[in-house]
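Asks: Any chance you could fold what I've pasted below:
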Amino acid sequence: MGLSAENLAVTRAGRHIFTDVSISAEAGDITALVGPSGCGKTTLLSCLGLLLRPDSGTVVVDGVSTQKWSSRRVARWWHEDAAFVYQDSGVIDEKDVGYNVTLASNLWGRTKIDDGALDMLKNVGLADRVREKAAVLSGGEKQRLGIARALYRRASFIFADEPTASLDAANRQSVSDLLRRAADTGACVITATHDDGLAARADRVIALAPAS
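Replies: The predicted structure follows:
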């Protein structure tokens with residue numbers, strides 16, 4: 001099980017971002033998209049995550065073509081099976097750390113925290129910050145929080161866009177460890193990265209050529 005792409009192509013303003021890209025990413029593996037800036041890594045990641053429809057080609061999820069999926073079907077897939085880790089972490093600054101993992105609150109607006117969320121926060125070193133606003137976290141802490149949310153949801157597909165960008169060595173290692181853990185527990189992890197260390201831990205590396 002996993003995800004594959006067949007002959008994907010994207011053109012913008014007459015410029016070929018990429019053409020004829022075919023890849024396969026399997027459950028339990030990290031697939032790294034690498035290449036120079038402007039080569040289309042983030043665009044390809046968005047196509048694979050069904051956030052952007054390519055000009056041509058097909059994305060296949062668990063053996064099923066998504067070519068005719070409606071926006072509602074894509075939204076359901078994201079709700080049930082997929083998670084995105086953004087370069088800027090994608091956390092909600094005005095909400096507390098706990099809410100950013102569970103995305104749930106009670107009738108009085110207080111974050112719902114279960115044992116699974118607490119365990120996940122322990123794993124990323126943020127258990128003692130559960131009631132703090134996410135806005136006070138450092139960049140590395142926010143990235144770890146974004147990955148904790150994906151792991152808490154037990155997403156089958158995790159898409160990570162430059163998850164270690166602008167982080168120090170310790171935080172790069174921590175984020176890489178978390179993505180490796182997600183794959184080792186069965187997730188299909190696809191990341192766009194400039195980080196040679198993260199790429200070295202991937203099970204497969206897809207090198208994209210500069211856009212023409």
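
Asks: count of residues packed around Leu48?
Replies: Residues lying near Leu48 (other Cβ atoms under 10 Å) number 26. For glycine as for every other residue, the C-beta is placed from the backbone atoms N, C-alpha and C.

Asks: which residues touch it?
Replies: The contact partners of Leu48, taken as Cβ atoms under 8 Å, 6 or more residues apart in numbering, are 3, 5, 23, 25, 59, 159, 190.

Asks: where in this structure is pLDDT low?
Replies: By pLDDT under 70, the low-scoring segments of the chain are 87-89, 106-109, 211-212.

Asks: Would you mind pulling the contact partners of the longest helix seen in it?
Replies: In the chain, taking DSSP state H as the definition, the longest helix is helix 169-184. Helix 169-184 is touched from outside by 28-30, 123-125, 139-140, 143-144, 147-148, 150-151, 155, 158, 160, 163-164, 167, 189, 191, 195, 197-198, 201, 203, with contacts defined as Cβ under 8 Å, 6+ apart.

Asks: What is the neighbour count of Asp195?
Replies: That count, for Asp195 with other Cβ under 10 Å as the rule, works out to 19.

Asks: any idea how far it lies from Ser176?
Replies: As judged by Cβ to Cβ, to the nearest Å, Asp195 and Ser176 stand 8 Å apart.

Asks: Give me the common contacts of the two.
Replies: Residues touching both Asp195 and Ser176 (Cβ under 8 Å, 6+ apart) are Thr164.

Asks: on that earlier part again, filter the contacts of Leu48 down to just the buried residues.
Replies: Using 16 or more other Cβ atoms under 10 Å as the burial test, the contacts of Leu48 include 3, 5, 23, 25, 59, 159, 190 as buried.

Asks: Mind checking which of those are in strands?
Replies: When DSSP state E is applied, those are split such that 3, 5, 23, 25, 59, 159, 190 fall in strands.

Asks: Now distance to Ala183 too, for these, in JSON lines please.
Replies: Putting those into JSON lines (distance: Cβ to Cβ, whole Å) gives the following:
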{"residue": "Leu3", "distance to Ala183": "13"}
{"residue": "Ala5", "distance to Ala183": "19"}
{"residue": "Ile23", "distance to Ala183": "16"}
{"residue": "Ala25", "distance to Ala183": "10"}
{"residue": "Val59", "distance to Ala183": "19"}
{"residue": "Phe159", "distance to Ala183": "13"}
{"residue": "Ile190", "distance to Ala183": "10"}
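
Asks: Relative to Ser46, which of those is nearest.
Replies: Ser46 has its nearest neighbour among those in Phe159, at 8.3 Å by Cβ to Cβ.

Asks: how about the closest one, what does it touch?
Replies: Counting by Cβ under 8 Å, 6+ apart, Phe159 makes contact with 45, 48-49, 82-85, 190-191.

Asks: May I have the beta-bridge partners of it?
Replies: Counting by DSSP bridges, Phe159 is bridged to Phe84, Ile190.

Asks: ok, now how distant is it from Val136?
Replies: Relative to Val136, and taking Cβ to Cβ, Phe159 is found at 27 Å.
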